[in-house]
Each structure stands twice: as structure tokens, then as C-alpha cells.
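Trainee: Sharing a model that was predicted from the sequence below.
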Amino acid sequence: MFALIGMLCGLAIYNFQIVDLHFPLVLYKKLMDREELNRNIVSPSGNQEILKLFQPEELMAMMVGNENYDWEELEKGASYKDEYSSSHPTIKMFWEVFHELTVEEKKKFLLFLTGCDRIPILGMKSIKMYIQPVRGGEHYLPVAHTCFNLLDLPVYTDKQRLQDKLTLAVTCTKGFGLA
């Protein structure tokens, strides 16, 4: 069982993926002491010493992410497609609405966007968010493509409508589909 968990840790770290499996810290300490696991937590290039670079707490943080949220960093790192830019009225409204959300609502948005409410160990700057416009009208909800951190955001002209639609999209989402 430890070998399987060790392989899971290695794959998650190598692929820069957060795995939402909250094992107790003692398990990571055990993993660090097991010879067989040292061989399983390696990069494909054959670096057998990779596990020795981590303390158990760091290995745990690499697996489950961290909660040092820097929402301003998320905004700074966002990229825009087509007609959207940081100066577009809809984008300005979006960030106003976003920053007015509670921390829990922002975490739900992060889950909506990325599939996880935690951030990688390297911080919010490692989440590359893309926002693109969607045609069809203001009655559509925003849609997230979690594999690409891509947000389809309709062109809204009213802040309250944007807030209502974003809140509905984020709160009514469970996993990878609408609840």
C-alpha cells in the first residue's frame, strides 16, 4: 500500500498536480523512511534522490497544495483572449465582483476554475488563468474549462447581472458538472 501511495506522490509531483487526498502528516513521515518508496518517487529522468529533497511537511504541501491565497496575484497573472483585455468593461466588472466575494466564495471560484480549491506549492502565480468572451448574450452563465483554467465569460454590461450569474455558476457547480 505504501508503494502505491509513493507512486501517487511521485506522479503528482512530477506532473505539478495537486491531489486532494489529505493523508495525515505521519503517513508522509513513514513514506520518507521506506526504502522501497524512495525508488518509486522518482522523476522519469531517473533522479532517485528526489525524495531526499523534501521534509515530510513539504511533501504533504506538494501533494495537497497550500492555502496561502493571494487573490491579487491571480488577477495579475490572468490572460485575456479576443476582445478581452484588462481594460475591457466586462473584465473590470468581473474583477470588482471577484474581489467583493468572501474568501469561501473565492475558494469556490478557484474550485470552479481549476477543479481544486487549493493552490500549488509555488503559489497563486503558478495558476495561469485565461478569460475569453462568449457570444450569445447576458443570459448565459460563465463556464469553466478546468483542464485549461479557462473561463468563458459572456460580455456583461451590468455589474449586478455579472455578479448574479457568476455566483450562480460557482455555487451550483459540483465537481466537473452542474449539480
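Mentor: Alright, I've got the coordinates. Just so it is clear, the model here is predicted, and its values are computed rather than measured. Numbering: from 1, shown residues only.

Trainee: pLDDT weak spots in this protein?
Mentor: The chain contains residues with pLDDT under 70 at 34-52, 174-179.

Trainee: Geometric centre of it: which residue is closest?
Mentor: Here the mean C-alpha position of the chain is nearest to the C-alpha of residue 114 (CA atoms, centre = their mean), at a distance of 4.1 Å.

Trainee: Isn't it up against residue 146?
Mentor: Yes - between residue 114 and residue 146 there is a contact under CB atoms under 8 Å: 5.9 Å. To be clear about C-beta, it is placed using only N, CA and C from the backbone, and glycine gets the same treatment.

Trainee: on that earlier part again, would you enumerate the residues in contact with the residue nearest to the centre of the chain?
Mentor: The contact partners of residue 114, by CB atoms under 8 Å, 6 or more residues apart in numbering, come to 127, 146, 149.

Trainee: where exactly do the strands run in the chain?
Mentor: 79-80, 130-134, 143-145, 150-154, 173-174, 177-178 (DSSP state E).

Trainee: So for residue 165, which of those strands sits nearest?
Mentor: strand 150-154 (7.4 Å; CB to CB).

Trainee: And that closest one, what does it pack against?
Mentor: helix 89-100, strand 130-134, strand 143-145 (3 or more CB pairs under 8 Å, 6 or more residues apart in numbering; DSSP states H and E).

Trainee: Only alpha carbons, please: show the second one as CSV.
Mentor: Okay, so that is strand 130-134. Taking C-alpha atoms only, strand 130-134 is exported to CSV below (Å, rounded to 0.1, in the frame of the first residue of the first chain):
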residue,chain,number,x,y,z
TYR,A,130,-7.4,32.6,-19.2
ILE,A,131,-10.7,34.6,-19.8
GLN,A,132,-12.4,34.6,-23.1
PRO,A,133,-15.6,36.2,-24.3
VAL,A,134,-18.7,34.2,-25.2
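
Trainee: other SSEs contacting that strand?
Mentor: strand 79-80, helix 89-100, strand 150-154.

Trainee: strands paired with the last one, and their directions?
Mentor: Yep, that's strand 150-154 we're talking about. Neighbouring strands of strand 150-154 in its sheet, by DSSP bridges, are strand 130-134 (parallel), strand 143-145 (antiparallel).

Trainee: could I get those strands as CSV with mean neighbour count?
Mentor: Output for these, formatted as CSV (neighbours: other CB atoms under 10 Å):
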stretch, mean neighbour count
strand 130-134, 17
strand 143-145, 16
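
Trainee: For residue 72, see how far away residue 84 is.
Mentor: Distance of residue 84 to residue 72, computed by CB to CB, to the nearest Å: 19 Å.
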